[in-house]
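Enquirer: please find the sequence and the predicted model below.
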2 protein chains.
Amino acid sequence: MGDLTYDHPADLWHAARRGEFQTTTSGLCDGYAQANLVILPKELAFDFLLFCQRNPKPCPVLDVTEPGSPHPPAAGAEADLRTDLPSYRVYRRGRLVDEPTDITSYWRDDLVCFLLGCSFTFERALKENGIPIRHQEERVTVPMYITSMDCVPAGAFWGPMVVSMRPIPHHQVVRAVQVTSRFPAVHGAPVHVGDPSRIGIRDLARPDFGDPVSIGPDEVPVFWACGVTPQAVAMHAQPDLMITHAPGHMFVTTIREETLGVL
Amino acid sequence: MGDLTYDHPADLWHAARRGEFQTTTSGLCDGYAQANLVILPKELAFDFLLFCQRNPKPCPVLDVTEPGSPHPPAAGAEADLRTDLPSYRVYRRGRLVDEPTDITSYWRDDLVCFLLGCSFTFERALKENGIPIRHQEERVTVPMYITSMDCVPAGAFWGPMVVSMRPIPHHQVVRAVQVTSRFPAVHGAPVHVGDPSRIGIRDLARPDFGDPVSIGPDEVPVFWACGVTPQAVAMHAQPDLMITHAPGHMFVTTIREETLGVL
């Protein structure tokens, strides 16, 4: 077994590469940003990058590789995105066909890797400001909802925004907006505060993805754009090949989280 | 003659479309962001968008059109980028071949229009904070310099960062950093403060583009990434066709400048 503390992202990359680390990356490599991975053929890469540019809240781009290269220049040039995540999902024409721990056998010279910011970073910032993270307290997956808010389309890519919800005590809502506004590269400020019906959510107790969480009488549901959005949108476009990280099994970058903060 | 005040960007678009407005857009349509225009063939669009994503300070993307469409969805969907700027420059394989006031005859179905933020917006914010803009006081073009700082390359696009320089009084340098940090979509915070030799500039009195300005004994030269960078980089890639705005003859968007402010 490798070093289970994985202080530096490279320790974790190497353990995953050797097949010695295959579980969630949640809570590992304290202070380093983790990223969603979406791999698409080059012929779709411009439209997908444009989709991300037009929808920066659900799709905050941290890094993009050159076509055919598995090495992310800004997020960890020494990493190999084909082997250094603990688990992947492979889709053909939008259908899940494999969940491997290594995608070397699927690699092609026309593939482009997109790394998108992940909510782990802003959740840490909320906690450091004394704001509770309910789904962590209840040890479940954050509840996620398909909204009535359409993303701005780009080429083959279009669809509704998916949001995650965290119940925030009334007196901490303003601080929660301030804290997450500092991190636009990891979804940034909320997209909605309060009444879920205003964004097309009928029942908070029945999320479309993840698990429901309890909401106290003094708490307000606050909604952030979610990294599931680009995956859902990309799947919808039915590319001949798409590869993503498996949920919770992220790429750990060498980007220090605090360097993503604005002002 | 049209209405010379041009309160709304559409007034200016229509006047330019009719051939009645062909001069600089500087100072027009108070409160609306103005944009640099770069038009490239679709085959280069992914690499150019990636270059902008990797170099957001010199290349802050405000909007990108669908291939073949001259209508910018976020910056002014009713505008036609082929006719609604006062003046253009047309390059073939990096060589300037025409300076028309209308590019309809050059239009092709594979062209993609990029609108990039422009320093007019942060200059207004500086002035509203009582910080002087020397080149405006001296009625010359802002001095620009080619630096020793390389942009992060993407495909065919690479080259040095070009910066603009504004002398700022010592006691206002911190405020100038704060004010411009609020506007990442229009070049954002400075890239350097002080000694020009640290970024490869030999002589402030001899700018590579624009005009020299005087620097007082209590002033510090402050350098911001400049929108000339993407044009220089794109020209260097020698695309078969590239079209840009003529210097100072920008596209006036319907984006209110204040909406570009973060926090």
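Expert: Received the coordinates, thanks. Numbers count the residues shown, from 1 in each chain, chains lettered A, B, ... in the order given.
Enquirer: helices of the stretch 151-263 of chain A, start to end?
Expert: In the stretch 151-263 of chain A, the helices defined using DSSP state H, counting those that start in this stretch lie at A:173-181, A:228-236.
Enquirer: surely A:Y106 and A:Y91 touch.
Expert: No. Judged on Cβ atoms under 8 Å, A:Y106 makes no contact with A:Y91 at a distance of 10.6 Å. In short, each C-beta sits where N, CA and C put it, glycine included.
Enquirer: okay, which residue of chain A is out on the far edge from center?
Expert: Most distant residue from the mean C-alpha position of chain A: A:P217, 29.5 Å away (Cα atoms, centre = their mean).
Enquirer: neighbour count for A:Y106 and A:Y91, which is higher?
Expert: A:Y91 (20 against 17; other Cβ atoms under 10 Å in any protein chain shown).
Enquirer: now do the same for the residue in chain A that chain B sits nearest to: helix, strand or coil?
Expert: Across chain A, no residue is closer to chain B than A:F46, which sits at 3.8 Å (Cβ to the nearest Cβ). With DSSP: H, G, I helix; E, B strand; the rest coil as the basis, the three-state label of A:F46 is helix.
Enquirer: mind listing what's buried along stretch A:148-159?
Expert: Under the neighbour-count criterion of 16 or more other Cβ atoms under 10 Å in any protein chain shown, stretch A:148-159 has A:149, A:151, A:153-154, A:156-157, A:159 buried.
Enquirer: pick out the lowest-pLDDT one from those residues.
Expert: Minimum pLDDT for the buried residues of stretch A:148-159 is recorded at A:A156 (92).
Enquirer: not counting sequence-adjacent ones, nearest residue to A:R206?
Expert: A:P212 (7.0 Å; Cβ to Cβ, 6 or more residues apart in numbering or on different chains).
Enquirer: run a quick neighbour tally on the one you found.
Expert: Neighbours of A:P212 (other Cβ under 10 Å): 15.
Enquirer: which residues touch it?
Expert: A:143, A:204-206 (Cβ atoms under 8 Å, 6 or more residues apart in numbering or on different chains).
Enquirer: please indicate which of the residues you listed are buried?
Expert: With burial judged by 16+ other Cβ under 10 Å, the buried subset of the contacts of A:P212 is A:P143.
Enquirer: residues touching the nearest residue to A:L260 once chain neighbours are set aside, list them.
Expert: Closest residue in space to A:L260, ignoring its immediate chain neighbours: A:A185 at 4.3 Å, by Cβ to Cβ, 6+ apart. A:A185 sits next to A:33, A:60, A:62, A:117, A:260 when contact means Cβ under 8 Å, 6+ apart.
Enquirer: hmm, try it at 7 Å
Expert: Each residue near A:A185 by Cβ atoms under 7 Å, 6 or more residues apart in numbering or on different chains is listed here: A:60, A:62, A:117, A:260.
Enquirer: swap in A:D109?
Expert: Neighbouring residues of A:D109 by Cβ under 7 Å, 6+ apart: A:G68.
Enquirer: confirm that it sits in a helix.
Expert: No. When the secondary structure is assigned by three-state DSSP, A:D109 falls in coil instead of a helix.
Enquirer: what about the closest residue to A:T147 other than its chain neighbours, distance to A:R206?
Expert: Leaving out its chain neighbours, the residue that sits closest to A:T147 by Cβ to Cβ, 6+ apart is A:I199, at 4.5 Å. According to Cβ to Cβ, to the nearest Å, A:I199 stands 15 Å off from A:R206.
Enquirer: kindly report the same for A:D63.
Expert: 35 Å.
Enquirer: what does the stretch 51-200 of chain A have sitting close to chain B?
Expert: Where proximity means Cβ under 7 Å from any Cβ of the partner chain, the interface of the stretch 51-200 of chain A facing chain B comprises A:53-54, A:61, A:64, A:66, A:73-74, A:152, A:155, A:181, A:184.
Enquirer: out of those, list just those in strands.
Expert: Residues of these located in strands (DSSP state E): A:61, A:64.
Enquirer: would you list the residues of the stretch 51-200 of chain A next to chain B in TSV and tack on pLDDT and distance to B:R124?
Expert: Shown next, in TSV, are those (pLDDT from 0 to 100; distance: Cβ to Cβ, whole Å):
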residue	pLDDT	distance to B:R124
A:Q53	96	25
A:R54	96	26
A:V61	97	28
A:V64	97	32
A:E66	94	38
A:P73	95	35
A:A74	96	31
A:V152	96	27
A:G155	93	35
A:S181	94	23
A:P184	93	22
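Enquirer: would you mark the buried spots in the helix or strand bottoming out on mean pLDDT in chain A?
Expert: Ranked by mean pLDDT, DSSP states H and E, the weakest helix or strand in chain A is helix A:228-236, scoring a mean of 89. The neighbour-count check on helix A:228-236 (16+ other Cβ under 10 Å) flags A:228-235 as buried.
Enquirer: equivalent analysis for stretch A:29-46, please.
Expert: A:29, A:32-41, A:44-46.
Enquirer: give me the three-state assignment for A:L50.
Expert: Classification of A:L50 by three-state DSSP places it in helix.
Enquirer: isn't it right up against A:A154?
Expert: Yes. Counting by Cβ atoms under 7 Å, A:A154 is a contact partner of A:L50 at 4.0 Å.
Enquirer: pull the number of nearby residues for A:S164.
Expert: Neighbours of A:S164 (other Cβ under 10 Å): 24.
Enquirer: could I get the contacting residues of it?
Expert: So A:S164 contacts A:119, A:142-144, A:224, A:226 (Cβ under 7 Å, 6+ apart).
Enquirer: can you name the two of those residues that are farthest apart?
Expert: Greatest spatial distance among the contacts of A:S164 (Cβ to Cβ): A:S119 and A:P143, at 12.3 Å.
Enquirer: strands of chain A, start to end?
Expert: Using DSSP E, strands in chain A cover A:32-41, A:61-64, A:88-92, A:95-98, A:111-117, A:144-150, A:160-169, A:192-193, A:219-225, A:242-245, A:251-256.
Enquirer: got the ones you listed as CSV, with distance to B:F21 columns?
Expert: Below are those laid out as CSV (distance: least, Cβ to Cβ, whole Å):
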stretch, distance to B:F21
strand A:32-41, 43
strand A:61-64, 37
strand A:88-92, 51
strand A:95-98, 54
strand A:111-117, 41
strand A:144-150, 36
strand A:160-169, 39
strand A:192-193, 41
strand A:219-225, 40
strand A:242-245, 47
strand A:251-256, 45
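Enquirer: mind checking those for the one nearest to B:V191?
Expert: Of all the strands of chain A, it is strand A:251-256 that lies closest to B:V191, at 19.2 Å by Cβ to Cβ.
Enquirer: domain-wise, how is chain A divided?
Expert: Taking automatic domain parsing as the criterion, chain A consists of the domains A:9-118+A:237-260, A:120-229.
Enquirer: TSV for the ones you listed, including distance to B:R18?
Expert: Output for the domains of chain A, formatted as TSV (distance: least, Cβ to Cβ, whole Å):
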stretch	distance to B:R18
domain A:9-118+A:237-260	31
domain A:120-229	31
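Enquirer: for those domains, which one sits closest to B:A176?
Expert: Judging the domains of chain A by Cβ to Cβ, what sits closest to B:A176 is domain A:120-229, at 20.6 Å.
Enquirer: which of the buried residues of stretch A:148-159 sit farthest apart?
Expert: Maximum distance among the buried residues of stretch A:148-159 (Cβ to Cβ): 19.8 Å, for A:M149 and A:A156.
Enquirer: who wins on neighbours among the contacts of A:A185?
Expert: Tallying neighbours with other Cβ under 10 Å puts A:G117 at the head of those, with 28 neighbours.
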